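>>> Kindly return the folded structure for what I paste below:
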Amino acid sequence: MRTDTEKERCEVIAEYVIDTGDTVRAAAAHFGISKSTVHKDLTGKLKYYSPHLYHEVKKVLEQNKSERHIRGGEATRKKYQLEREKHKIEK
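Residues are numbered from 1 along each chain as shown. Next comes the predicted model:
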């Protein structure tokens, strides 16, 4: 992702996260930048550039944080399910 200014980058990422509800990790992958950069932009810099966007993003990030244990458990369940299916095919 190429933007002219840091402020513009923060706002573009914030609008994306608000619209999609994506996690920091997913937003970083979408824009091709590091998770650290996305997190720093959304939780630190955005507050000064666009307070309204900051509060909207904060709600999404808090929601994602409250649900992360569910996503982690689902990922683990899928991992072991794939392993069981692979094991059945080998037999």
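
>>> Pretty sure residue 21 sits against residue 64.
Yes: if you go by CB atoms under 8 Å, residue 21 and residue 64 touch, sitting 7.5 Å apart. C-beta coordinates here come from the backbone N, C-alpha and C atoms, glycine included.

>>> So which of the two has more stuff around it?
residue 64 (17 against 14; other CB atoms under 10 Å).

>>> distance of the more buried one from residue 23?
Per CB to CB, to the nearest Å, residue 64 is found 5 Å from residue 23.

>>> what do these two both touch?
Counting by CB atoms under 8 Å, 6 or more residues apart in numbering, residue 64 and residue 23 have no common neighbour.

>>> Quick one: residues contacting residue 57.
14, 17, 18, 42, 46.

>>> The residue lying closest to the third one once chain neighbours are set aside: neighbouring residues, count only.
With CB to CB, 6 or more residues apart in numbering as the criterion, residue 18 has its nearest non-adjacent residue at 5.0 Å, and that residue is residue 56. Residue 56 has 16 neighbouring residues, counting by other CB under 10 Å.

>>> Am I right that residue 56 is in contact with residue 14?
Yes: Residue 56 lies in contact with residue 14 (CB under 8 Å); the separation is 7.3 Å.

>>> And the helix or strand bottoming out on mean pLDDT in the chain, how far out from the chain middle?
Lowest by mean pLDDT, DSSP states H and E among the helices and strands of the chain is helix 51-90, with a mean of 87. Here helix 51-90 is found 11 Å from its chain centre; the criterion is CA atoms, centre = their mean, to the nearest Å.
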